[in-house]
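Q: Sequence isn't available, so here's the structure alone:
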């Protein structure tokens, strides 16, 4: 009888123990799941954003390429390639010019720079001597006035010694940066949402660290985009100018005046004679005692010679 009574209690105890174990396992799984919720969601969002970044980058790159170059068919059935004006080109030019008047050419170039809305980056002038003047001017000109400025500058030259124009297409690079910053901003918005929902300090610190990294990457990309925009909106032109002057001696009208030359020569001769007479007088008077002494000695010698001859 006792064995029959104990058997139901034993079965009930085993059942309760198994239920408790299963509940503990489920609680552990829930805790693990809640702890990894932010990390898994972040990783999935980052992977999704990377995939979106690649897709959007390729899509925008293809779209920009399609916009940059289109093909149209003429009446003759020929296909003509049309290049769009929205491509981003960095233009640079180097000009070597020989000018007749360096100062005038420099003033005209500076006037054109101000007229076209550009600015001077650097200006150097070298004057070796009276016969040689050279200088370098570096200017930034709005892209829309680039060709006009080159034509106007070359018009100041007596001879064009050299001309180099280069262009760098950065359209694809700019589109790639634009798609990347778009993807990064999406990740930034998602991290801000996570920060608003986070309750634990550890989660807030982790989200803040990831957010700072994303924002720093955004700033770097935006800086590169601003640089490309500045380089494509303004073209750089380096101008080297040379002026070789031929000095011709001028004719002085005074050298051609015969009367003035005669008066000048007469005055010179008169001054020479007066100076000689003055010097002679000074010499005689100044040495008069010596002359008297020599005269007396000579007179004594002469008288002695005469007396000797008379005897």
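A: Yep, that arrived. Keep in mind that what you see is a predicted model, and the values were worked out from it rather than measured.

Q: contacts and neighbour counts: CA atoms only from here.
A: OK.

Q: Show me what residue 239 is bridged to.
A: Residues found in beta-bridge contact with residue 239 (criterion: DSSP bridges) are residue 95, residue 137.

Q: got a list of what it touches?
A: By C-alpha atoms under 8 Å, 6 or more residues apart in numbering, the contact list for residue 239 reads 94, 95, 96, 97, 136, 137, 138.

Q: out of those residues, which is most surrounded?
A: Neighbour tally across the contacts of residue 239 (other C-alpha atoms under 10 Å): the maximum, 23 neighbours, falls on residue 97.

Q: That one: which element?
A: Here residue 97 is covered by strand 89-98, with elements defined by DSSP states H and E.

Q: Check which helices and strands that strand sits against.
A: strand 159-169, helix 201-233, strand 234-244 (3 or more C-alpha pairs under 8 Å, 6 or more residues apart in numbering; DSSP states H and E).

Q: farthest-separated two in the contacts of residue 239?
A: Between all members of the contacts of residue 239, the longest pairwise span (C-alpha to C-alpha) is found for 97 and 138 and amounts to 13.7 Å.

Q: For stretch 212-223, buried residues please.
A: For stretch 212-223, the neighbour count (16 or more other C-alpha atoms under 10 Å) marks 214, 215, 217, 218, 221, 222 as buried.

Q: okay, now residue 194: neighbour count?
A: Residue 194 is surrounded by 18 other residues when neighbours are defined as other C-alpha under 10 Å.

Q: measure it to residue 204 for me?
A: Distance, residue 194 to residue 204, by C-alpha to C-alpha, to the nearest Å: 9 Å.

Q: before we move on, what about residue 97?
A: Using C-alpha to C-alpha, residue 97 is found at 64 Å from residue 204.

Q: now the stretch 151-300 of the chain, which segments are flagged as low pLDDT?
A: When residues are selected by pLDDT under 70, those of the stretch 151-300 of the chain lie in 245-257.

Q: hmm, 50 instead?
A: Within the stretch 151-300 of the chain, the segments meeting pLDDT under 50 span 247-248.

Q: and what of the stretch 1-150 of the chain?
A: In the predicted model, the stretch 1-150 of the chain carries pLDDT under 50 at residues 1-6, 20-37, 42-43, 45-47, 50-53, 56-57, 64-85.

Q: Which of the three states applies to residue 87?
A: Reducing the assignment at residue 87 to three states with DSSP: H, G, I helix; E, B strand; the rest coil gives coil.

Q: Next up, the contacts around the closest residue to residue 125 other than its chain neighbours.
A: For residue 125, the nearest residue in space outside its immediate sequence neighbours is residue 135; the separation is 4.1 Å by C-alpha to C-alpha, 6 or more residues apart in numbering. Applying C-alpha under 8 Å, 6+ apart, one finds that residue 135 lies in contact with 123, 124, 125, 126, 240, 241, 242.

Q: quick one: residue 135 is in a strand?
A: Yes. Note on residue 135: a strand contains this position according to three-state DSSP.

Q: I'd like the numbering to begin with 49 instead of 1 from here.
A: With 49 as the first residue, the last one maps to residue 183.

Q: For residue 136, see how far away it is.
A: Summarising the geometry, the distance separating residue 183 from residue 136, computed by C-alpha to C-alpha, is 31 Å.

Q: Helices of this structure, residue ranges please.
A: Residue ranges of the helices in the chain, as given by DSSP state H, are 50-83, 85-116, 150-163, 194-202, 219-245, 249-281, 306-334, 336-358.

Q: tell me which residues in the shortest one are buried?
A: It refers to helix 194-202. 194, 197, 198, 201, 202.

Q: So residue 286 is in contact with residue 143, correct?
A: Yes. Counting by C-alpha atoms under 8 Å, residue 286 does reach residue 143; the two are 6.3 Å apart.

Q: ok, and the closest non-adjacent residue to residue 180?
A: Closest to residue 180 by C-alpha to C-alpha, 6+ apart is residue 292, at 4.9 Å.
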